[in-house]
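Trainee: got a predicted structure here, sequence first:
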Amino acid sequence: MMQPRERFLNFLSHQEIDRPPIWLMRQAGRYLPEYLETRKKALSFKNLCYDPELACEVALQPLDRFDLDASIVFADILNLIEACGIPVEFQDNVGPIITQPFRHTNDCDKLKPFDHQLDSVLKTIQLIRNNAPNRGMIGFIGSPWTLACYAVEGKITKDLKHIKALLYSEPETLRHLLDHLTIAATKFAQQQIDAGCDCIMIFDTWGGYLPYNLFNHWSLSFQQKIVQSLKPHPVFLFTRGSHSYLNKIIDTKPAGICIDWTCPLDETLKRCQANNIILQGNFDPSLLLATPNKFASIIDNTLNKITNHNNYLPSLGHGLMPHIDPSHVALFVEHLKAYNWQLS
């Protein structure tokens, strides 16, 4: 049997594997009671993100429970905009708050060049690598568009009214912010690779809120710059609600694409296989709210419809939610590991 990291690296390089590797978005987090205990020790979410020892402890918790093939760095995508001069606060039951949002041309002067302001995250990566040397290691960044959405809106919103107003009224100002964030994100991703990460995920949480004809210009084109800059290191792209944009995303030729449950799995996998791109995700996280027998049957029915499982990394189409039973996560992982994969 292959070791987890061997399986993970072989899969990334399209070499022989015994089964697909398994890891889950937000596999470390609030659904685990041990995470909640560690969170108490940190006193705040922000402290937890910036404390390498505690962040490493959290990252290792799901590996101890579920025998996953890869660890994920525990951090927050908004650490990067704070490193660029835009302060971020995290309020319990509210989420991130930017008290001085970026909304006008004169805010460009407040941006700082990114260098080594996130050394604590790099230290976390090194600690995880030392403690889990036989697991794959995944780093991540937010897409420039998604980082800009938080920086401009100031908090999570439903309509993105401030950044869309900036897009239409002061497009050059928004482009300046996106260019700055692209440079910073590229540097930070490379630092994570240098510290020990085997691949990088780009989370484009808010890209799906752009009009179809503007998605490439304001979101995907900046991600493509990062993908090209980081080659030959593998980069995965995840845009929430990406069904309409899949052909555009595939055309960027990333190492992998993650899809949510709005995308047809078999059709998307065929497109990715034709372009030698790994496809990850698709299962609705709410599936794990069902009984184990029920979600196992749904998994089998879904996977049985695919005749060729090459290039498919089975996973949820988004992150694990706080109210999911950890025992259901364990059964989900074990069921995927035991499935009769059709690999050539």
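Mentor: It's in.

Trainee: you'd agree residue 59 is up against residue 121?
Mentor: No: judged on CB atoms under 8 Å, residue 59 makes no contact with residue 121 at a distance of 11.1 Å. Every C-beta, even on glycine, is put in place using the N, C-alpha and C of the backbone.

Trainee: helices along the stretch 51-200 of the chain, start to end?
Mentor: Here the stretch 51-200 of the chain has its helices, by DSSP state H, counting those that start in this stretch, at 52-66, 79-83, 119-131, 144-153, 161-169, 171-195.

Trainee: what helices or strands is the helix or strand harbouring residue 236 leaning on?
Mentor: For residue 236, the element it lies in under DSSP states H and E is strand 235-239. Helices and strands touching strand 235-239, by 3 or more CB pairs under 8 Å, 6 or more residues apart in numbering; DSSP states H and E, are strand 199-204, helix 221-230, strand 256-259, strand 278-283.

Trainee: in CSV, list the ones you listed along with mean pLDDT.
Mentor: As requested, the helices and strands packed on strand 235-239 are exported to CSV (pLDDT from 0 to 100):
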stretch, mean pLDDT
strand 199-204, 97
helix 221-230, 97
strand 256-259, 96
strand 278-283, 95
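
Trainee: which among those is found nearest to residue 115?
Mentor: helix 221-230 (16.5 Å; CB to CB).

Trainee: so how far is that closest one off the chain centroid?
Mentor: Distance of helix 221-230 from the chain centroid (CA atoms, centre = their mean, to the nearest Å) equals 16 Å.

Trainee: any idea how far residue 99 is from residue 90?
Mentor: Distance, residue 99 to residue 90, by CB to CB, to the nearest Å: 12 Å.

Trainee: what about these two, which has more around it?
Mentor: residue 90 (16 against 10; other CB atoms under 10 Å).

Trainee: which residues does that one contact?
Mentor: 44, 45, 46, 76, 96, 97 (CB atoms under 8 Å, 6 or more residues apart in numbering).

Trainee: type out the ChimeraX command that picks the buried ones from those residues.
Mentor: Buried residues within those, by 16 or more other CB atoms under 10 Å, are selected in ChimeraX with:
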select :46,76,96
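
Trainee: among the contacts of residue 90, find the lowest-pLDDT one for me.
Mentor: Of all those, residue 96 carries the smallest pLDDT score, 88.

Trainee: partner residues bridging it?
Mentor: Using DSSP bridges, the bridge partners assigned to residue 96 are residue 90.

Trainee: correct me, but it touches residue 156?
Mentor: Yes: between residue 96 and residue 156 there is a contact at 7.3 Å, judged by CB under 8 Å.

Trainee: shared neighbours of the two, anything?
Mentor: residue 150.

Trainee: closest one to residue 320 among the helices and strands packed on strand 235-239?
Mentor: Between these, strand 278-283 lies closest to residue 320; by CB to CB that is 11.4 Å.

Trainee: thinking again about what came up before, tell me the first helix or strand C-terminal of the strand holding residue 236.
Mentor: helix 246-251.

Trainee: so what touches that next one?
Mentor: Residues contacting helix 246-251 (CB under 8 Å, 6+ apart): 215-216, 220, 237, 239, 242, 257, 259, 263, 268, 271-272, 275, 277.

Trainee: ok, now stretch 165-179?
Mentor: Applying CB under 8 Å, 6+ apart, the set of residues contacting stretch 165-179 from outside is 102-105, 107-108, 111, 144-145, 148, 151-152, 163, 214, 218, 222.

Trainee: could you tell me the end-to-end distance of that stretch?
Mentor: End-to-end distance of stretch 165-179 (CA to CA, to the nearest Å): 18 Å.

Trainee: out of the helices of the stretch 51-200 of the chain, flag the one nearest residue 310.
Mentor: Short answer: helix 52-66, nearest of those by CB to CB, at 24.2 Å.

Trainee: pull the closest one out as PDB, backbone CA atoms only.
Mentor: Presented in PDB, the C-alpha positions along helix 52-66 are these (Å, rounded to 0.1, in the frame of the first residue of the first chain):
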ATOM      1  CA  PRO A  52       2.400  28.500  14.700                       C
ATOM      2  CA  GLU A  53       2.300  25.900  17.500                       C
ATOM      3  CA  LEU A  54      -1.500  26.200  17.900                       C
ATOM      4  CA  ALA A  55      -2.200  26.400  14.200                       C
ATOM      5  CA  CYS A  56      -0.100  23.300  13.600                       C
ATOM      6  CA  GLU A  57      -2.000  21.500  16.400                       C
ATOM      7  CA  VAL A  58      -5.300  22.300  14.600                       C
ATOM      8  CA  ALA A  59      -4.000  21.300  11.200                       C
ATOM      9  CA  LEU A  60      -2.900  17.900  12.600                       C
ATOM     10  CA  GLN A  61      -6.200  17.100  14.300                       C
ATOM     11  CA  PRO A  62      -8.200  15.800  11.300                       C
ATOM     12  CA  LEU A  63      -5.200  13.700  10.300                       C
ATOM     13  CA  ASP A  64      -5.300  12.000  13.600                       C
ATOM     14  CA  ARG A  65      -9.000  11.300  13.300                       C
ATOM     15  CA  PHE A  66      -9.500  10.400   9.600                       C
END
